[in-house]
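Asker: sequence and computational prediction follow.
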Amino acid sequence: MSDPRLVRLRQIADLVLEQRSERLAGAGAARAAVRARLAALDQWPDETERADTGLQISWYRFETWATPRRLELQRQAALCEAEWLNALGEARRAFARVQLLRQLKERK
């Protein structure tokens, strides 16, 4: 029979892994959303639109509007990336704990 403390430790490790995995998924979704918003601002006109003076003025106005938003989104993207990397490290450690406890169970 296995030690009840080890069984309880495995249960806790499984819960921690689940929580860390959910946090990683949430951080990944936030990172993807910011990247998508940033990509939406990085659309450029095609050759025919670049030749039209009226459209050039419109694009200039758009770029004037979009530049500060891009900067803010890039800042948000960097924060999301840092959060995702932190969550990834925590999820890896939680996974390693679960694997170690499973190996201990198999040995006994």
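Answerer: In hand now; what should we look at?

Asker: how about the contacts made by the residue nearest the centre of the chain?
Answerer: Most central residue of the chain, judged by C-alpha distance to the mean C-alpha position with C-alpha atoms, centre = their mean, is residue 28 at 2.4 Å. By C-beta atoms under 8 Å, 6 or more residues apart in numbering, the contact set of residue 28 is residue 84. Quick note: C-beta positions are derived from backbone N, CA and C, even for glycine.

Asker: if I look at it, what pLDDT would I see?
Answerer: The model reports residue 28 with a pLDDT of 97.

Asker: for residue 95, same thing?
Answerer: In this prediction, residue 95 carries a pLDDT score of 97.

Asker: please tell me how far the residue nearest to the centre of the chain sits from residue 85.
Answerer: When distances are taken as C-beta to C-beta, to the nearest Å, residue 28 and residue 85 turn out to be 11 Å apart.

Asker: next one: residue 11
Answerer: From residue 11 to residue 85 the distance is 28 Å (C-beta to C-beta).

Asker: next: residue 59.
Answerer: From residue 59 over to residue 85 the distance is 35 Å, taken as C-beta to C-beta.

Asker: returning to that earlier point: so where does the residue nearest to the centre of the chain fall, helix or strand?
Answerer: Using DSSP states H and E, the secondary-structure element containing residue 28 is helix 4-41.
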